[in-house]
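>>> here's a sequence, model it:
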Amino acid sequence: MVPTPPFLPHTPSDAAALDRPWRRPGAARYALTRIRGALRPPVEVYTPDPDSMVIERDSEVLTRDGTVLRVNVHRPVGDGPFPVILSAHPYGKDNLPTPKRFGKGYTLPFQYRALRQTAPVRFSSLTSWESPDPAFWTAQGYVVVNADLRGCGHSDGIGSPFADQEGEDVHDLVEWAAVQPWSAGRVAMLGVSYLAITQWEAAATRPPHLVAIVPWEGFTDAYRDLMRPGGIRETGFIKMWSRGVKTNRLAYDISTETAEHPLRDDYWRSLVPDLAAIEVPALVCGSFSDNNLHSRGSMRGFEKISSIEKHLYTHRGGKWATFYSAEAQRAQIDFLARHLGEDSTAPQLPAVRLEVRESRDAVVDVRDESRWPPASTQWTSLFVGSEGLTSDEPDAGSISFDPAKTAVRFGITFGADTEICGPAALRLFVSVTDADDVDLFVGLEKWHGTEYVPFEGSYGFGRDRITTGWLRASLRELDPALSTPHAPVPTYERRQPLEPGEIVQVDVPLGPSATAFRHGEQLRLVIAGRWLWPRNPLTGNAPAAYESGSRGRATVHWGPDAPSRLLVPVTRG
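Below is the predicted model:
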């Protein structure tokens, strides 16, 4: 066991205090970088040699119900046969970078300007949004199949996001690709975000010719991970996401269902793939910088699938810069060579590639681990009280705040270098006045003296906290079969309004992270009743936004009868 890390004596900055969590240092400088990045994203698009591959556009694939899907096929020159890499998505397989009418270079899809790019990204002009680069992968000896999902791009039918129909359609795409004349009969899937979600969906149906998947940051539960995290409706990203969907059918929309199904009912449960049914080898990317979208679901997928050979690639960088980076592509190449190319000499990947950062731009360690969270994890309770976060339970007390305008904060200062790697969990005892509910938005921050230390976050946001969590207090009931002390799982199945003056226990799950603290640095807990960042696209976490439901006044209680505490995963101290 790792010994509990020593903590320095408490200071006034550690103590419980009112706070404005959406105002943090460094906004002006960051805004300038956002403007420069929007005007000129650091994306290099190259033109591949037209003689380096054979391209077949809009090949027709007949699904089991007679609907025609259309795919683009990129294959190496020669007779083959070749192993196949497949991706399927709603963004339009033909929505590619286009040559500028005047001058050199290419015009990019709008996402590359709307979402900050953290580092230079390079791919060919045949690469659609978040998909594998056909020029890169055909050079490695693979056929690359890029498919329009049902009702999207050039495919027929009416799509239904995240539904069983998608899994069945992609199953049929896999089996079609396996029997083509240029195919070796072995198919893998690769891609980011929605292109990862369709991998979970398809692999759960067990296509006979699917031999491996590489779901690179893809959620596994639409309700918990995106649409209503903590039971609170997401209202920002989903609007921008809809703009990027290339569909001919208005039915390809989930906003109506989100409004009509506020609880996690049969509709939402029907959209969750059967992760336990997935047995093929998997290389799962679990990012610590995507807690608003994919981080939790990616980790859940890695933990729940039944694959004997599975690997977790963690990072805290930018989504797209990492996916197309040389290091990540090397891991993808080695994994696919073993399972898709059947090369027994290809390097075996570690069970977990763990990346630990001390700030947005500073990686302090990359190491192999045997499991996630790391086997050395010591779950450490830090109690909430008038002196901040403490190792010992405090005397009884409380602090009240206006959940719509302010927040409360609690801190603790490390007396030795320490790592926190894994999910965290906050147990609060709260009451409300002049209301029967309160939304709790929780963040963990790192401070170096008076300096706020930023980390990479969702949607290219570069001023994020270490991790975040949400919960509507009336939806606090936990699933006893799924919950653990460090990973509480609310059911979201029924509402339990708070009575006037009633103190209730609320367990808030916080997303995964891997963060290093130096001697004298502070971990700070922030609790608010609204999203922790402004919607300003230059300084805030745009496009993230959540409905506002908090009213009245909220009180956080602590002491022997109300042991509010933060449970953190200490791996080194």
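
>>> tell me where the model's unsure across the stretch 451-573 of the chain.
Applying pLDDT under 70 to the stretch 451-573 of the chain flags residues 573.

>>> quick check: which element contains the residue of the chain most remote from its centre?
Relative to the C-alpha centroid of the chain, counting by CA atoms, centre = their mean, D79 is the outermost residue, at 39.7 Å. Using DSSP states H and E, D79 sits in no helix or strand.

>>> residues near the closest residue to it other than its chain neighbours, how many?
Ranked by CB to CB, 6 or more residues apart in numbering and with sequence neighbours excluded, the top spatial neighbour of D79 is W182, at 7.7 Å. (Glycine included, C-beta is placed from N, CA and C.) Neighbour count of W182, defined by other CB atoms under 10 Å: 17.

>>> same check, this time on H519
13.

>>> ranges for the strands of the stretch 301-450 of the chain?
Listed in chain order, the strands of the stretch 301-450 of the chain (DSSP state E, counting those that start in this stretch) span 310-315, 352-357, 363-369, 378-385, 388-390, 397-401, 407-413, 418-433, 439-448.

>>> need the ones you listed in TSV (columns: mean neighbour count).
Shown next, in TSV, are those (neighbours: other CB atoms under 10 Å):
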stretch	mean neighbour count
strand 310-315	24
strand 352-357	22
strand 363-369	14
strand 378-385	21
strand 388-390	25
strand 397-401	18
strand 407-413	24
strand 418-433	23
strand 439-448	22
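
>>> need these in TSV with mean pLDDT and distance to P12, can you?
Shown next, in TSV, are the strands of the stretch 301-450 of the chain (pLDDT from 0 to 100; distance: least, CB to CB, whole Å):
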stretch	mean pLDDT	distance to P12
strand 310-315	98	36
strand 352-357	98	28
strand 363-369	98	29
strand 378-385	97	14
strand 388-390	97	9
strand 397-401	97	15
strand 407-413	97	10
strand 418-433	98	22
strand 439-448	98	13
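
>>> how far is stretch 234-243 from where the chain is centred?
Its chain's C-alpha centre and that of stretch 234-243 lie 15 Å apart, by CA atoms, centre = their mean, to the nearest Å.

>>> residues of it that come out buried?
Within stretch 234-243, the residues scored as buried using 16 or more other CB atoms under 10 Å are E234, T235, G236, F237, I238, M240, W241.

>>> show me where the stretch 51-200 of the chain has its strands.
Taking DSSP E, counting those that start in this stretch as the test, the strands found in the stretch 51-200 of the chain are 53-62, 68-76, 82-89, 98-99, 106-107, 121-124, 143-148, 183-192.

>>> related to what we said a few turns ago, for the strands of the stretch 301-450 of the chain, which one sits closest to G552?
The closest of these to G552 is strand 418-433. By CB to CB, the value is 5.1 Å.

>>> just checking, what packs against the closest one?
If you count contacts as 3 or more CB pairs under 8 Å, 6 or more residues apart in numbering; DSSP states H and E, strand 418-433 packs onto strand 352-357, strand 439-448, strand 467-472, strand 504-517, strand 522-528, strand 553-558, strand 565-572.

>>> can you add distance to F414 and give those back as a markdown table?
Output for the helices and strands packed on strand 418-433, formatted as a markdown table (distance: least, CB to CB, whole Å):
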| stretch | distance to F414 |
| --- | --- |
| strand 352-357 | 15 |
| strand 439-448 | 10 |
| strand 467-472 | 17 |
| strand 504-517 | 5 |
| strand 522-528 | 7 |
| strand 553-558 | 21 |
| strand 565-572 | 10 |
